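S.K.: Output the structure for:
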Amino acid sequence: MIEDLSRSQQEILDAAAECFMRMGPDVASIDDIAGLLGSTKGRVYHHFRSKGELLYAVRLRSVSLLMERVSPIAEQDIPPVEKLRAMSIAHVLRILKFLSYHRVVSEDTRMFFRGAAKPHETQMIEQIIEMRRAYENLYRGVLTEGIEAGVFAKQSVSITLHSIIILMNGPCFWYSPRAEQTDKDLEEIARSVSDLVLRAVVADPALLEET
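M.R.: The predicted structure follows:
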C-alpha cells in the first residue's frame with residue numbers, strides 16, 4: 001500500500017509516472033527518470049531493480065491511491081445513493097490530483113502479457129490484479145445494496161460496475177491541468193462526473209435532488 005513507501009520511493013515513483021506519461025513506457029528510461037529527479041541512476045536502482053518493476057510499482061500505487069481514499073467511504077453506514085456519490089467524487093479527485101499515475105495505467109495495457117515479466121514482477125502483477133478486484137468489489141457492494149433497497153435500477157451489477165468505472169476514469173483522457181485551477185474547480189469536475197454516474201444507476205431521478 002502507499003503508506004509502505006518511503007519518501008524517496010514516492011519521489012521516484014512520482015518522477016517515473018511523469019516520464020512514462022510524457023514519453024511512454026517504451027521510450028522513457030531510467031536516465032530520464034533520474035534526470036527529472038535531479039539525481040543519479042544509482043538512487044533509482046537502490047529502490048527499484050528495473051524499469052519494468054518501476055512500471056508495475058506505478059500501477060500498484062495508482063490503485064493504492066484510490067483504495068486509500070475510497071475504502072473508508074464504502075465502509076460507512078450511509079444510504080447507497082449518498083455513498084456512491086461520495087465514492088465516485090473521491091475516485092475522480094484522485095484521478096485529477098494524481099493524473100500521471102492513472103494516465104499511465106489507462107494508456108498502457110501490457111501488464112497483462114506476463115510472458116516477459118520477471119518472477120518478482122509477476123508477483124507485483126498479481127498484487128495489482130488482487131487490489132483492483134478488491135477495489136471493484138467496493139462498488140459491487142454499494143451497487144448491490146442500492147438495487148436491493150430499490151433505489152438503483154435493477155440491472156446487471158457487473159455491466160453497471162464497468163460502465164461507471166469508465167465514466168469515473170474519463171478524466172484520464174480529457175483532463176488537462178491548468179495552473180489557475182483551484183481545489184474548488186477540481187471538486188466541481190468531480191461532482192459533474194459523479195452526477196453522470198448516479199444518473200446511470202438511480203431508479204428515480206428525483207433521488208438525485210435529495211443528495
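
S.K.: got the contact list for the helix or strand of the chain with the lowest mean pLDDT?
M.R.: Lowest mean confidence among the helices and strands of the chain (mean pLDDT, DSSP states H and E): helix 99-107, at a mean of 89. Residues from elsewhere that reach helix 99-107 (C-beta atoms under 8 Å, 6 or more residues apart in numbering): 13-14, 17-18, 20-21, 24-25, 55, 58-59, 61-62, 65, 94-95, 169, 171-173, 175, 177. Heads up, the C-betas are built off the backbone N, CA and C, glycines and all.

S.K.: Separate out the buried members of the residues you listed.
M.R.: 13-14, 17-18, 20-21, 25, 55, 58-59, 61-62, 65, 94-95, 169, 171-172, 175 (16 or more other C-beta atoms under 10 Å).

S.K.: Show only the entries of the contacts of helix 99-107 found in helices.
M.R.: Judged by DSSP state H, the contacts of helix 99-107 include 13-14, 17-18, 20-21, 55, 58-59, 61-62, 65, 94-95, 169, 171-173 as members of helices.

S.K.: I'd say residue 167 and residue 193 touch.
M.R.: Yes. Residue 167 lies in contact with residue 193 (C-beta atoms under 8 Å); the separation is 6.3 Å.

S.K.: Neighbour count for the two, which is higher?
M.R.: residue 193 (24 against 17; other C-beta atoms under 10 Å).

S.K.: right, and the more buried one touches residue 88 too?
M.R.: Yes. Proximity of residue 193 to residue 88 meets the contact threshold set by C-beta under 8 Å, at 6.8 Å.

S.K.: overlap in contacts of these two?
M.R.: Joint contacts of residue 193 and residue 88 (C-beta under 8 Å, 6+ apart) are residue 168.

S.K.: residues in contact with the nearest residue to residue 132 once chain neighbours are set aside?
M.R.: Once flanking residues are discounted, residue 132 sits nearest to residue 63: 5.6 Å by C-beta to C-beta, 6 or more residues apart in numbering. Applying C-beta under 8 Å, 6+ apart to residue 63 gives the contacts 128, 131-132, 135.

S.K.: quick check, nearest of those to residue 47?
M.R.: residue 128 (18.1 Å; C-beta to C-beta).

S.K.: okay, that closest one: pLDDT?
M.R.: Residue 128 is assigned a predicted lDDT (pLDDT) of 90.

S.K.: And it, how close does it get to residue 59?
M.R.: Distance from residue 128 to residue 59, counting by C-beta to C-beta, to the nearest Å: 5 Å.

S.K.: any low-confidence regions in this structure?
M.R.: 1-3, 108-117, 207, 209-211 (pLDDT under 70).

S.K.: Tell me the residue in it that is farthest from the middle.
M.R.: For the chain, the C-alpha farthest from the mean C-alpha position belongs to residue 206; by C-alpha atoms, centre = their mean, that distance is 29.8 Å.

S.K.: need the longest helix for this protein.
M.R.: helix 119-149.

S.K.: how many degrees apart are it and helix 99-107 in direction?
M.R.: When axes from the mean of the first three to the mean of the last three C-alpha atoms, to 10 degrees is applied, the directions of helix 119-149 and helix 99-107 differ by 90 degrees.
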